[in-house]
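Student: sequence? don't have it. structure:
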């Protein structure tokens, strides 16, 4: 048997891709003499190509016993060890190869990949850099360097590495894909889409690219397009967990809740420890009003990740809705213990600071709740980069208000180079008073009797606040940059999470319950807000509120109102039907007017007066009366709303 001729034939078959014939001849050579380095090594390479890694390791290991200094064999042995996750042994192979041949760029690149797997990113980047110093046009090393930089959030450097790889190989699909990922990380979504488009032109069956392009579209709120991408990915790879999860998120955004739930169900079957899917499954079940099942889903997520603050937050909301308020507070406390400044702008169900604040309100711990709202506002709106910033265009009436407020804060001097109100955060002093804030000199007994006798329940209280409280509250509302919610009709909203939660407001809300127990009974404060209006634009349209009792009071000086008989509130004598959903009785003006017209409901107009409060059943339909106020910042109509208790048939 001519072993030399057999070897040449085997190598020829191997190089041409005919692995079956090459394998047959290598085995024939080894049968004749088991100590043949080349046949053992190259048969090991074939086994590695066939992903028969255990056999590959044995064969290449046998070859290395014959020639321990064979750098190519050390390199391939390292690759197979890496493939079976024996990273430390793979690294030892590469290090030995480099002792023999320090300028072996491929080994330096493979060593970098293994260091990356060992979570030693700085050492990995150094290894890629050594490879590139030897071989500057090594596209794979540039790509791998970018991947490692990306994992340590050095996104700009990662992008530069991918661009280097693509300058060498413009159609390098892996580098194009990774470039798309890092552009998504940098929130450069349009560029990310373009990069994924190039990948998919080169590789239409690249399921991961379809999935990640879908994620980029999802972040841009292009939900239908994102959904199409996830469907493409899943057509190529039906059990693609990431695509199933992302599709579930998008279906939720599209309010296709049953379909979203089905996707989350598939995810947790395929990957039972997918904590995010369990959490989102809980969010979806809650939206479907299946709160008990939602609670079980959050518990599953927390069994997997006990430090999952978002799931603790969502669990707290569900517990609160189930009437388990003490357990809800405990859940929010756990979330905040893990994440003390839990203030992300986009969390499935809000954020733990605000949610715990709401829970504290309903426990009559109003000042503690307001302190959490203020902390959230400081974190979100007071941060230098402002995680609540938006690129949405500012409506003209918002821009007018902000310029007027800037001028007011500058003492009447224009501040052309000052930041926009949306990009600054300021709270005027709103501390508690040492004296009462709610006027104790009003005829409390008479007011309480009028409340009890009125059908429907509406009572007007003039001089609601003491002069000191009114003056301090006016200054807080004028000087604080809390008017952040923009309504198209022409008014602005200040919510507790914007910073509209000063101790003085907490004092007023608390004193109202104590001063007028006949009106408020056991109803705790449910929520509060302020509205500020443009001088001549429309106010709030007809609606009802999701509470038991509504306190609406006004603080702008009377001289600002050009029509003393109007400018206040219109209230109908009819409550919203109990079978109407919130979105209908609070947002469907046409349905509300049609309903009131059909039943012949009557309305009463309560004229505007400064320091006048209108207290009424929150279920009653109401709207802002016609507004004609003077121009000028201090003349803008401001009303403050406090809601007590929750909407219930028992309140009727």
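Tutor: That came through, no problem. None of these values were measured; they are calculated from a predicted model.
Student: mind checking the longest strand of this protein?
Tutor: Longest strand in the chain by number of residues (criterion: DSSP state E): strand 525-533.
Student: starting at the chain centroid, how far to it?
Tutor: A distance of 25 Å separates the centroid of the chain from that of strand 525-533, by Cα atoms, centre = their mean, to the nearest Å.
Student: and it, what does it pack onto?
Tutor: Using 3 or more Cβ pairs under 8 Å, 6 or more residues apart in numbering; DSSP states H and E, the elements in contact with strand 525-533 are helix 352-362, strand 491-494, helix 503-515, strand 638-644. (Each C-beta comes from the backbone N, C-alpha and C, glycine too.)
Student: walk me through which strands that strand pairs with, and which way each runs.
Tutor: Each strand that strand 525-533 pairs with, and the sense of that pairing, follows from DSSP bridges: strand 491-494 (antiparallel), strand 638-644 (antiparallel).
Student: closest one to residue 130 among those?
Tutor: The closest of those to residue 130 is strand 491-494. By Cβ to Cβ, the value is 57.9 Å.
Student: quick one: secondary structure of residue 460?
Tutor: Judged by DSSP: H, G, I helix; E, B strand; the rest coil, the three-state class of residue 460 is strand.
Student: how about the contacts made by it?
Tutor: If a contact means Cβ atoms under 8 Å, 6 or more residues apart in numbering, then residue 460 has 606, 612, 613, 614, 615 as its contacts.
Student: and with 10 Å instead?
Tutor: Taking Cβ atoms under 10 Å, 6 or more residues apart in numbering as the contact definition, residue 460 lies against 447, 450, 568-569, 604, 606-607, 609, 612-616.
Student: what does residue 453 give?
Tutor: Residue 453 neighbours (Cβ under 10 Å, 6+ apart): residue 459.
Student: distance check, it against residue 602.
Tutor: When Cβ to Cβ, to the nearest Å is the yardstick, residue 453 and residue 602 sit 18 Å from each other.
Student: returning to that earlier point: which among the contacts of residue 460 count as buried?
Tutor: When burial is judged by neighbour count using 16 or more other Cβ atoms under 10 Å, the buried members of the contacts of residue 460 are 447, 450, 568, 569, 606, 609, 612, 613, 614, 615, 616.
Student: including pLDDT, secondary structure and distance to residue 231, could these go into TSV?
Tutor: Output for those, formatted as TSV (pLDDT from 0 to 100; DSSP: H, G, I helix; E, B strand; the rest coil; distance: Cβ to Cβ, whole Å):
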residue	pLDDT	secondary structure	distance to residue 231
447	96	helix	62
450	95	helix	62
568	95	coil	53
569	96	strand	50
606	96	strand	55
609	97	coil	59
612	98	coil	57
613	97	strand	55
614	98	strand	53
615	97	strand	53
616	96	strand	50
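Student: mind listing the strands for the stretch 501-650 of the chain?
Tutor: Assigned by DSSP state E, counting those that start in this stretch, the stretch 501-650 of the chain shows strands spanning 525-533, 549-554, 569-575, 603-606, 613-617, 620-624, 638-644.
Student: partners of the fifth one in the sheet?
Tutor: With DSSP bridges as the criterion, the sheet partners recorded for strand 613-617 are strand 458-461 (antiparallel), strand 549-554 (antiparallel).
Student: between these, which gets nearest to residue 100?
Tutor: With Cβ to Cβ, the closest approach to residue 100 among the strands paired with strand 613-617 belongs to strand 549-554: 82.7 Å.
Student: list the buried residues for that closest one?
Tutor: In strand 549-554, residues buried by neighbour count (16+ other Cβ under 10 Å) are 549, 550, 551, 552, 553, 554.
Student: stretch 237-252 too?
Tutor: In terms of neighbour count (16+ other Cβ under 10 Å), stretch 237-252 has its buried residues at 237, 240-252.
Student: avg pLDDT for stretch 121-136?
Tutor: Across stretch 121-136, pLDDT averages out at 96.
Student: could you pull out the buried residues of it?
Tutor: 121, 123, 124, 125, 127, 128, 130, 131, 132, 135.
Student: could those residues be laid out in TSV, adding secondary structure and distance to residue 525?
Tutor: Formatted as TSV, the buried residues of stretch 121-136 follow (DSSP: H, G, I helix; E, B strand; the rest coil; distance: Cβ to Cβ, whole Å):
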residue	secondary structure	distance to residue 525
121	helix	50
123	helix	57
124	helix	55
125	helix	55
127	helix	61
128	helix	59
130	helix	65
131	helix	64
132	helix	63
135	coil	69
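Student: ok, those residues vs residue 313, which is closest?
Tutor: residue 121 (31.4 Å).
Student: and the closest one, what does it touch?
Tutor: Under the criterion of Cβ under 10 Å, 6+ apart, the contact list for residue 121 reads 112, 115, 147, 148, 149, 150, 151, 152, 154.
Student: going by neighbour count, which of those residues are buried?
Tutor: Among the contacts of residue 121, the ones that count as buried (16+ other Cβ under 10 Å) are 112, 115, 147, 148, 149, 150, 154.
Student: among the residues you listed, which lie within helices?
Tutor: Filtering the buried ones among the contacts of residue 121 for membership in helices, criterion DSSP state H, returns 112, 115, 147, 148, 149, 150.
Student: got a list of what the closest residue to the last one other than its chain neighbours touches?
Tutor: Looking back up the chat, that one is residue 150. Here the nearest residue to residue 150 in space, its sequence neighbours aside, is residue 158; by Cβ to Cβ, 6 or more residues apart in numbering that works out to 4.1 Å. Residue 158 makes contact with 143, 145-152, 178-179, 181-183, 185-186 under the criterion Cβ under 10 Å, 6+ apart.
Student: one step back: CSV for the ones in helices among the buried ones among the contacts of residue 121, including pLDDT and distance to residue 395?
Tutor: Compiled in CSV, these are given as follows (pLDDT from 0 to 100; distance: Cβ to Cβ, whole Å):
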residue, pLDDT, distance to residue 395
112, 96, 52
115, 96, 53
147, 96, 43
148, 97, 45
149, 96, 41
150, 95, 38
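Student: which of those residues lies closest to residue 227?
Tutor: Ranking these by separation from residue 227, with Cβ to Cβ as the measure, puts residue 150 on top at 26.5 Å.
Student: what distance do you get for the closest one to residue 596?
Tutor: In terms of Cβ to Cβ, residue 150 sits 59 Å off from residue 596.
Student: quick one on the thing from earlier: export the strands paired with strand 525-533 to a markdown table and tack on mean pLDDT?
Tutor: Formatted as a markdown table, the entries for those read as follows, by pLDDT from 0 to 100:
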| stretch | mean pLDDT |
| --- | --- |
| strand 491-494 | 95 |
| strand 638-644 | 97 |
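Student: for the residue nearest to residue 605 when sequence neighbours are not counted, list each beta-bridge partner.
Tutor: Of all residues beyond its chain neighbours, the one nearest residue 605 is residue 570 (5.5 Å), with distances taken as Cβ to Cβ, 6+ apart. Bridge pairing for residue 570 (DSSP bridges) gives the partners residue 605, residue 623.
Student: what is the burial count for residue 570?
Tutor: The tally of other residues near residue 570 (other Cβ atoms under 10 Å) stands at 17.
Student: which parts of the lengthiest helix in the chain are buried?
Tutor: Taking DSSP H as the assignment, the helix of the chain that covers the most residues is helix 366-381. Neighbour counts over helix 366-381 (16+ other Cβ under 10 Å) mark 366-367, 369-377, 379-381 as buried.
Student: can you pull out the strands in the stretch 201-350 of the chain?
Tutor: Per DSSP E, counting those that start in this stretch, the stretch 201-350 of the chain carries no strands over any range.
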